[in-house]
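>>> Fold the following for me, if possible:
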Amino acid sequence: MSVRHRPPLLALLLWATSTPALAQQCVAGFPEIYGDLFAEAQRVVQDPKSMVDAIPAAAPAAIAAEYAQRRGAPDFDLGRFIRQRFELPRPAGGSYSTDPRHDVVTHIDRLWTALERQPQPGDARSSLLPLPRPYVVPGGRYDEIYYWDSYFTMLGLVESGRLDLVRAMVANFAAMIDRYGHVPNGNRTYYLSRSQPPFFAPMVQLLASRDGPQVLADHLPQLEREYAFWMDGADDLAPGSAYRRVVRLPDGTVLNRYWDDCDTPRDESHIMDVATAAASGRPAAEVYRNLRAGAESGWDFSSRWLADGRSLHTIRTVEIVPPDLNSLMHALESTLAQAHGSAGDADRAAHYRARAEARAGAIRSLLWDEDRGAFTDHLRDGMRSTGTVTLATVYPLYFGIASQAQAGRIAATLRERLLQPHGLATTTVRSGEQWDLPNGWAPLQWLAIRGLSRYGEDALAREVAGRWIRRNLELFRTQRKLVEKYDVTGDAEAGGGEYPLQDGFGWTNGVLLALLARYPDAARD
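Here you go, the predicted model:
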């Protein structure tokens, strides 16, 4: 029997756990599985994501058929029907209670246990993809592992003495690369058509800094496969064209962009994506692809992706060559060079070293905006800067790509345009999207602080760290929790985007612990 003839939810799971080549295809998702019930349910449930994370109590086809039969009855209650036919997810870490006697470090050390998940057998009723080792979830609505989140979570796990979990999580990402050919956005079936910012190489480097350089050689097959995923199609790409995640410029330079292999609404945000496409006046598939690519970037969503800087329906992610992704690709190429060197293959090491050097040169020359004193997104057609100043500019600092002169300009730009009372704002634009002013995010604070310090901009690095740490601790003292993001401009609660502010929170916890270890007196400055 072929996969397409199996029960729909089981077919989705089988697709997700089969050969890596299939993970590049788009198959029937939850709207096709549940029909009209899925669209209507997303209007009723508090969070649309809960419908794709729910576990059905019976075969999906049977539930959909029962809904079609009963929906017209005068006393039909859709909310009650959903609660009776599905096991809806609960917030991750929602049952955790903070001990008022504990300081923030003890709070985080204990919270890791609440956010830790043990390996479970695959369940054909569930969208969750099984993993072989324990892992940490972010918290709140996010009860699955996330790719780029996990790097920043690992920073804190190291400080908490949980190197066992760091090793386990790196092993999980390696297992996903082996199984799917890439690291999905998260371990859910509906995330398989895209990845997230490729932090696997920095994760391996982090583990190697504790366990020794053999870690690099041990993960060489997965590093190679990750690189092949992001560079798929590059060898045959004509100058001036793009394919999937690769862009070849007219002069032959190869850079990367964000992408998604599907051009349909995201299952977890179906109702919102349909509305965005309808308001756009553009081909719906074009809008869906760009929304999905924005989700792959991790900045879902931001004015940096919007043609008019304000409206989500103008999103154009796939037209942009971004400095953050290309800095991560440089890190991957550099790590591959080191890994091959550790494995004793000097020729392959030299090959990847040359690629890393070529990419670094391209980033310094092609993605630099002299007028704005920052690395900026560039439109691949003509490589024109979008003119947007964002915290993506700190990636070439963190990975040692920028020149010293560029680092000095970036420091001045950050102080002048993005520094706020409680840390660095993500952009200069108030669009209502969550990856924009007034919000600040832990991973970007870390990249900026460590990047500035790498280039000798220690005073600004310390200032940013102090402002961010104090805001985190202030909210912890008053509310006894840490959250996903913070309003860095004042004392309001962070917001914007597609869902309410989430408690937890994996990468906030990780970055705060790592910063407190480096700036123990910052809270008193």
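>>> Got the phi and psi for Glu144?
Torsion angles at Glu144 (phi, psi; degrees, to the nearest 10) stand at phi -150, psi 160.
>>> Which pLDDT value goes with it?
pLDDT, Glu144: 97.
>>> That one and Asn185 touch, don't they?
No. Judged on CB atoms under 8 Å, Glu144 makes no contact with Asn185 at a distance of 9.5 Å. In short, each C-beta sits where N, CA and C put it, glycine included.
>>> Would you mind telling me which of these two has more residues around it?
Neighbour count, other CB atoms under 10 Å: between Glu144 and Asn185, Asn185 has more, with 25 against 22.
>>> Report the separation between the more buried one and Leu328.
Asn185 sits 15 Å away from Leu328, going by CB to CB, to the nearest Å.
>>> Check Asn509 too.
Taking CB to CB as the measure, Asn509 falls 22 Å from Leu328.
>>> again, but for Asp236
Distance from Asp236 to Leu328, by CB to CB: 23 Å.
>>> Out of those two, name the residue with the larger neighbour count.
Higher neighbour count among Asp236 and Leu328: Leu328, with 23 against 9, using other CB under 10 Å.
>>> Flag the shaky bits of the stretch 101-250 of the chain, pLDDT-wise.
Applying pLDDT under 70 to the stretch 101-250 of the chain picks out no residues at all.
>>> Output stretch 313-332 as CSV - backbone C-alpha positions only.
Extracted C-alpha coordinates of stretch 313-332, given in CSV (Å, rounded to 0.1, in the frame of the first residue of the first chain):
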residue,chain,number,x,y,z
HIS,A,313,0.9,41.2,3.2
THR,A,314,3.9,42.9,1.5
ILE,A,315,6.3,40.2,2.8
ARG,A,316,9.2,39.4,0.5
THR,A,317,11.6,37.2,2.5
VAL,A,318,12.8,35.1,-0.4
GLU,A,319,13.9,38.1,-2.3
ILE,A,320,16.4,39.0,0.4
VAL,A,321,20.0,38.0,1.0
PRO,A,322,20.4,38.4,4.8
PRO,A,323,23.6,38.9,6.8
ASP,A,324,22.6,36.7,9.7
LEU,A,325,22.1,33.5,7.6
ASN,A,326,25.2,34.1,5.6
SER,A,327,27.3,34.6,8.8
LEU,A,328,25.9,31.3,10.0
MET,A,329,26.9,29.6,6.7
HIS,A,330,30.4,31.0,7.1
ALA,A,331,30.5,29.5,10.6
LEU,A,332,29.4,26.1,9.2
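>>> How far off centre is that stretch?
Relative to its parent chain, stretch 313-332 has a centroid offset of 13 Å by CA atoms, centre = their mean, to the nearest Å.
>>> One more: stretch 215-231?
Using CA atoms, centre = their mean, the offset of stretch 215-231 from its chain centre is 19 Å.
>>> what residues does it touch?
170, 173-174, 177-178, 181-183, 195, 198, 200-201, 204-205, 207-208, 245-246, 254, 256, 329, 332-333, 335-336, 338-340, 342-343 (CB atoms under 8 Å, 6 or more residues apart in numbering).
>>> Kindly give a single PyMOL line that selects the buried subset of those.
To isolate the buried ones among the contacts of stretch 215-231 in PyMOL, judged by 16 or more other CB atoms under 10 Å, type:
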select buried, resi 170+173+174+177+181+182+183+195+198+200+201+204+205+207+208+245+246+254+256+329+332+333+335+336+338+339+340+342
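>>> Which members of the contacts of stretch 215-231 occur in helices, if any?
Among these, the ones falling in helices (DSSP state H) are 170, 173-174, 177-178, 200-201, 204-205, 207-208, 329, 332-333, 335-336, 338-340, 342.
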